[in-house]
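Enquirer: give me a 3D structure for the following:
(one chain, ligands or ions: 1)
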Amino acid sequence: MPAPWWQSAVFYQIYPRSFAPGEPAPTGDLAGIAAHLDHLSWLGVDAMWISPFYPSPQADFGYDVADFCDVDPAYGDLATFDRLLGACHERGMRLLVDLVPNHTSDQHPWFVAARSSRDDPMRDWYVWRDGTPDTPPNNWRAAFAPVPAWTWDDATGQWYLHQFLPQQPDLNWDNPEVVEAMHGVMRFWLDRGVDGFRIDVVHGIGKDPGLPDDPPEVAGIPHATLNDTARTHELIRGMRKLVDSYPGDRLMLGEVYLLSTELVAKYYGDGDELHLAFNFPPLYTRWHAERWRAQIADTRHHIDDRGAWPTWVLSNHDNVRHRSRYGSEARARAALFLLLGLRGSPVLYAGEELGLEDAEVPPDRAVDPGGRDGCRAPVPWTSAPDHGWGVTDPWLPWPPDADTRNVEALRADESSILHLYRRLLAARKASPALQLGDIVDLVTPTGVVAWRRTSPAGDRVVAVNMSGEPAGLDVAGIVLVASDGAGEGAPFAGTLGPDSAVLVDPRT
Ligand code: TEU
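Expert: Numbering: from 1, shown residues only. So this is what the prediction gives:
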């Protein structure tokens, strides 16, 4: 059987508010995405996932959903969505929407009804507990601020659970009506033709029925990073059955925000839960060869060895961009060889192909309750003062150096990081070894990680020098892509510069 499309695909995340507006505006929208599909085709990505664009009060910028089956007027409407999906498919690109099953907005009609009275038929769609206003039902902490994951509802005299903001009450997946309603949401988008879902905090949906306290040594960290119960696996299997009943290899790419690859791996089930899961420990690994070697081994041991397919991600809308974390463009360039060279499906975050750093957001411009504004700065498309947005002052400040670091300027410069992204994406697409091949570690000097990807169609060797010194490397072959662009097409000279990487065709 040929491998499903999502194993060889390169994914690209779009944060719709920050990508591009269709008409001049301070926030991006779906028409803006449709207008920039040329950029994605030119770059060579295969699939996109779009962060939430549903009607929302925007307390968590769309992750507080007030209607799962519509488009917020700020982003367009369902007809715009259908046009965007059609345009993606015409170009051979796939599209995932972001499913947010763990919680709704407190403005969602379900919660409005649930909150209206203890006797409301929807009361049990959420997690309520008795008590007194001074003592929450357990010690669970909410995300974003050091506050309880429970809010007291004075009118009805009970606590409700929210692993995130008080404006994001958790759904009660123990109620079969909730399961049916969320399956209905999935069918709504699958029937429209989406290629699958990125699933927000999917490990959060089942709750331990006893709601036990988190152990004291971890009680200070958000419960959302700890919630891990057997019940969730059952619920994911139910979602998987539904998704697999559709033709065309529809995909469930789950966000399992548990900071251990061993725990993440369990959410693949026995091939009957998530098709793919985000694995965040590598994202939190610093630029250090031995640490990366350990992460690569851990991923192989826990994910590949159970017959599952890994994913690799270094930036997203929740974390400081890796260009900023790693501290130099040279490292950001070399890091791409990890993303596209390791075995698994890479997920890129819009703007990383420009080498964008996080924006500096002054306190009076800060809007995110989780302090994540910097990585959500608008994508600069041109060198003009409005950077292609039609307004000079979008919802967040521009990222640094937007007058030179933008799509227009970097496309005109073949030595830019943008062209490096394009070359390495093309080299990956041309290589069955890089897309689907096995992976074998190579022995390397300190400071370097290197591996061989194997395939009957021809092997590939990838080497990344994470040290500040040049490193000698016993690899023979032709350099296909180099992170600094040097020596491409020529035999590998045997030395890798500091903070740099190469892709080599080892046939001599
Ligand atoms: O993120 C889940 C999550 O655990 C993160 O919020 C994480 O705790 C935080 O970003 C660390 O800085 C998902 C979405 O990706 C995020 O944008 C949402 O805010 C969150 O769920 C709630 O829906």
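Enquirer: relative to residue 49, how far out is residue 104?
Expert: Between residue 104 and residue 49 the distance is 20 Å, computed by CB to CB, to the nearest Å. All C-beta spots, glycine's among them, are computed from the backbone N, C-alpha and C.
Enquirer: tell me which of these two has more neighbours.
Expert: residue 104 (26 against 21; other CB atoms under 10 Å).
Enquirer: the more buried one reaches residue 64, doesn't it?
Expert: Yes: shown here, residue 104 and residue 64 form a contact pair, counting by CB atoms under 8 Å, at 7.5 Å.
Enquirer: which residues are common contacts for the two?
Expert: By the contact definition CB atoms under 8 Å, 6 or more residues apart in numbering, residue 104 and residue 64 are jointly contacted by residue 168.
Enquirer: ok, now which ones touch whichever residue of the stretch 351-500 of the chain sits closest to the ligand?
Expert: Here the residue of the stretch 351-500 of the chain nearest the ligand is residue 370; by CB to the nearest ligand atom that distance is 5.3 Å. When the contact criterion is CB under 8 Å, 6+ apart, the partners of residue 370 are 60, 143, 144, 318.
Enquirer: per-residue confidence for the last one?
Expert: By that I understand residue 318. Confidence at residue 318, expressed as pLDDT, is 98.
Enquirer: isn't it up against residue 375?
Expert: Yes: with the criterion set as CB under 8 Å, residue 318 and residue 375 qualify as a contacting pair; they are 7.5 Å apart.
Enquirer: so for those two, which residue has more residues nearby?
Expert: residue 375 (27 against 17).
Enquirer: what about the more buried one, distance to residue 287?
Expert: 18 Å.
Enquirer: ok, residues contacting the helix or strand containing residue 408?
Expert: Using DSSP states H and E, the secondary-structure element containing residue 408 is helix 407-411. The set of residues external to helix 407-411 that reach it, using CB under 8 Å, 6+ apart, is 39, 354, 379-383, 388, 403, 416-419.
Enquirer: mind checking the SS state of the most centrally placed residue in the chain?
Expert: For the chain, the residue whose C-alpha lies nearest the mean C-alpha position (CA atoms, centre = their mean) is residue 316; its distance is 5.3 Å. For residue 316, the secondary-structure state derived from DSSP: H, G, I helix; E, B strand; the rest coil is coil.
Enquirer: report the separation between it and residue 405.
Expert: With distances defined as CB to CB, the gap from residue 316 to residue 405 amounts to 19 Å.
Enquirer: next one: residue 229
Expert: Counting by CB to CB, the gap from residue 229 to residue 405 is 44 Å.
Enquirer: who has more neighbours out of those two?
Expert: Counted by other CB under 10 Å, residue 229 and residue 405 do not tie: residue 405 has more neighbours, with 23 against 15.
Enquirer: let me know the helix or strand that the more buried one is in.
Expert: Here residue 405 is assigned to no helix or strand, by DSSP H and E.
Enquirer: which residue packs closest to it, ignoring adjacent ones?
Expert: The shortest distance from residue 405 to any residue that is not its chain neighbour, by CB to CB, 6 or more residues apart in numbering, is 5.5 Å, and that residue is residue 354.
Enquirer: can you check the pLDDT for the one you found?
Expert: 99.
Enquirer: equivalent analysis for residue 244, please.
Expert: For residue 244, pLDDT reads 98.
Enquirer: how about the nearest residue to it, chain neighbours excluded?
Expert: residue 250 (7.6 Å).
Enquirer: count the residues that sit near that neighbour.
Expert: Taking other CB under 10 Å as the criterion, the count of residues near residue 250 is 23.
Enquirer: now do the contacts for it.
Expert: If you count contacts by CB under 8 Å, 6+ apart, residue 250 has them with 190, 194, 195, 196, 243, 244.
Enquirer: distance of the third one relative to the ligand?
Expert: By that I understand residue 195. Taking CB to the nearest ligand atom, to the nearest Å as the measure, residue 195 falls 20 Å from the ligand.
Enquirer: contact residues of the stretch 351-500 of the chain facing the ligand?
Expert: Proximity of the stretch 351-500 of the chain to the ligand is assessed by CB under 6 Å from any ligand atom, with residue 370 identified as the residues in range.
Enquirer: next: the stretch 151-300 of the chain.
Expert: Taking CB under 6 Å from any ligand atom, the part of the stretch 151-300 of the chain that reaches the ligand is made up of 164, 200, 201, 222, 224, 225, 255, 257.
Enquirer: so, low pLDDT: which residues of the stretch 151-300 of the chain?
Expert: Applying pLDDT under 70 to the predicted model, the stretch 151-300 of the chain contains no residue that meets it.
Enquirer: assign the closest residue to residue 175 other than its chain neighbours to helix, strand or coil.
Expert: For residue 175, ignoring the flanking residues on the chain, the nearest one in space by CB to CB, 6+ apart is residue 124 at 5.2 Å. Using three-state DSSP, the three-state assignment for residue 124 comes out as helix.
Enquirer: what sits against residue 124?
Expert: 114, 172, 175.
Enquirer: likewise residue 159?
Expert: The contact partners of residue 159, taken as CB under 8 Å, 6+ apart, are 128, 129, 130, 131, 136, 137, 150, 151, 152, 153.
Enquirer: and those residues, which two are furthest apart?
Expert: The most widely separated members of the contacts of residue 159 are 130 and 151, with 14.2 Å between them, by CB to CB.
Enquirer: quick check: residue 376 vs residue 418, distance?
Expert: Relative to residue 418, residue 376 is positioned 20 Å away (CB to CB).
Enquirer: likewise residue 320?
Expert: Distance check for residue 320 against residue 418: by CB to CB, it reads 21 Å.
Enquirer: neighbour count for these two, which is higher?
Expert: Comparing residue 320 with residue 418 by neighbour count (other CB under 10 Å), the higher total belongs to residue 418, at 23 against 15.
Enquirer: quick check: closest non-adjacent residue to the more buried one.
Expert: residue 410 (3.8 Å).
Enquirer: enumerate every residue touching the nearest residue to residue 29 once chain neighbours are set aside.
Expert: With CB to CB, 6+ apart as the criterion, residue 29 has its nearest non-adjacent residue at 4.5 Å, and that residue is residue 75. Taking CB under 8 Å, 6+ apart as the contact definition, residue 75 lies against 16, 29, 30, 53.
Enquirer: export those as JSON lines, with columns for distance to residue 158.
Expert: Conversion of the contacts of residue 75 to JSON lines gives the following (distance: CB to CB, whole Å):
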{"residue": "16", "distance to residue 158": "35"}
{"residue": "29", "distance to residue 158": "39"}
{"residue": "30", "distance to residue 158": "39"}
{"residue": "53", "distance to residue 158": "33"}
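Enquirer: quick check: which element contains the residue of the stretch 1-150 of the chain at minimum distance from the ligand?
Expert: Going by CB to the nearest ligand atom, the ligand is nearest to residue 63 of the stretch 1-150 of the chain, at 3.3 Å. With elements taken from DSSP H and E, nothing contains residue 63; it lies in neither a helix nor a strand.
Enquirer: more crowded one of residue 130 and residue 151?
Expert: residue 151 (18 against 8).
Enquirer: quick one: secondary structure of that one?
Expert: Secondary structure of residue 151, reduced to three states by three-state DSSP: strand.
Enquirer: beta partners of it?
Expert: As for beta bridges, residue 151 partners with residue 160 under DSSP bridges.
Enquirer: tell me the contacts of it?
Expert: When contacts are counted by CB under 8 Å, 6+ apart, residue 151 touches 159, 160, 162, 166.
Enquirer: a markdown table for these, including distance to residue 120?
Expert: Supplementary listing: those in a markdown table, determined by distance: CB to CB, whole Å:
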| residue | distance to residue 120 |
| --- | --- |
| 159 | 16 |
| 160 | 13 |
| 162 | 18 |
| 166 | 19 |
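Enquirer: just the buried residues out of these, in ChimeraX syntax.
Expert: What follows is the ChimeraX syntax for the buried subset of the contacts of residue 151, where burial is set by 16 or more other CB atoms under 10 Å:
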select :159,160,162,166
